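K.L.:
pasting the sequence and the predicted model now:
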Amino acid sequence: MWSPAHPIAGAEPHDGVQTREVDLTEVRSVWTRRPSPYEGPPELGGQERRFAASQSLWGVGGILATLPGAHYVNHPWSNRAAEYKPAQLATAQRSGLPVPSTLITNDHEQAREFAARHSGGVVYKPLWNTPYAIDGRAQQVWVREVRPHEITPAVAVCPHLFQAKVEKAFDVRLTAVGSRVFAVRIDSPDLDWRQRQSLMECTPIAVPARIARSVSAYLTTFRLVFGAFDFAVTPAGDWYFLECNPNGLWAWQPDPVTDSIGHAIADELRRALEPEPARAAPHVADLCRT
């Protein structure tokens, strides 16, 4: 039950479902954390259920996204804008982060020429993690290296993202919360460390000041408070931006890092409702602090 004009009330059953009323003008902070999609009342079927679900999304979603004075971590509309990979890459480059040479195309000849030009190799990665199943089993499209002859005219059915392969010494997951940054070095035998996470090793790592400044600029552009950044680091110490998930997971990291991130998010949610000050350059957190 949504009523911006009513104070918080005790939970009461409504059509068999436990609900409560909340004065939305009193909501101080909002943590948007991958809400499950509402599929509509189960007693409805077909287009009626889809209609109800759609009206709930655009109605309730619109209300929750326009709470007066609330501090969002992150605002759902900012999350959505920041999820487009082409926008991520362009913003990272404008923010001063090194970005691997990238081609987004549905022309297989262009893709083959791009792959042939990069002697160090080229990788393919999907533009979105679209659900896909074979025989009812969920499948995952991992980042993988591709050679020119493997690129076929089938590329024409949709845009594909090809990127110069970074000769990396290790990966980095950098989690930014407001002006604070936390990073772990990831050593994995796989090109895409997410593929076999049981084989990866994570250790806290310091963040270069120039990277921290660029991360701050990136967050400001997208109006984000939180971001989970992935980097590939070369043997020479260059940090290449790969992507930023504005709603990325973070509790899988070593306990000291996870604890620090959790406290940083709690600090953001406790912030007083005051005009947003100019964002300061982030400082590198002491990741070994418990």
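P.N.:
That came through, no problem.
K.L.:
can we go C-alpha only for contacts and neighbour counts from here?
P.N.:
OK.
K.L.:
now residue 184. Nearest residue, chain neighbours left out?
P.N.:
residue 204 (4.2 Å; CA to CA, 6 or more residues apart in numbering).
K.L.:
and that neighbour, how far is that from residue 192?
P.N.:
19 Å (CA to CA, to the nearest Å).
K.L.:
counting neighbours, go ahead and name the busier of these two.
P.N.:
residue 204 (20 against 14; other CA atoms under 10 Å).
K.L.:
what about the residue nearest to residue 196 when sequence neighbours are not counted, neighbour count?
P.N.:
Spatially, and ignoring its direct neighbours in sequence, residue 196 is nearest to residue 190 (7.5 Å; CA to CA, 6+ apart). Taking other CA under 10 Å as the criterion, the count of residues near residue 190 is 14.
K.L.:
residue 190: what secondary structure?
P.N.:
coil (DSSP: H, G, I helix; E, B strand; the rest coil).
K.L.:
which phi and psi does it have?
P.N.:
Dihedral pair for residue 190: phi -100, psi 150, per degrees, to the nearest 10.
K.L.:
was I right to think it contacts residue 198?
P.N.:
No - if you go by CA atoms under 8 Å, residue 190 and residue 198 don't touch, sitting 11.2 Å apart.
K.L.:
identify the contacts common to those two.
P.N.:
The contact sets of residue 190 and residue 198 do not overlap (CA atoms under 8 Å, 6 or more residues apart in numbering).
K.L.:
wait, the residue nearest to residue 184 touches residue 187, no?
P.N.:
No - with contact defined as CA under 8 Å, residue 204 does not count as touching residue 187 (11.6 Å).
K.L.:
shaky segments in this protein?
P.N.:
Counting by pLDDT under 70, the ranges of the chain that qualify are 1-18, 272-290.
K.L.:
residue closest to the middle of it?
P.N.:
Using CA atoms, centre = their mean, the residue of the chain that lies closest to the mean C-alpha position is residue 245, 1.4 Å off.
K.L.:
for that one, which non-adjacent residue is spatially closest?
P.N.:
Once flanking residues are discounted, residue 245 sits nearest to residue 228: 5.1 Å by CA to CA, 6+ apart.
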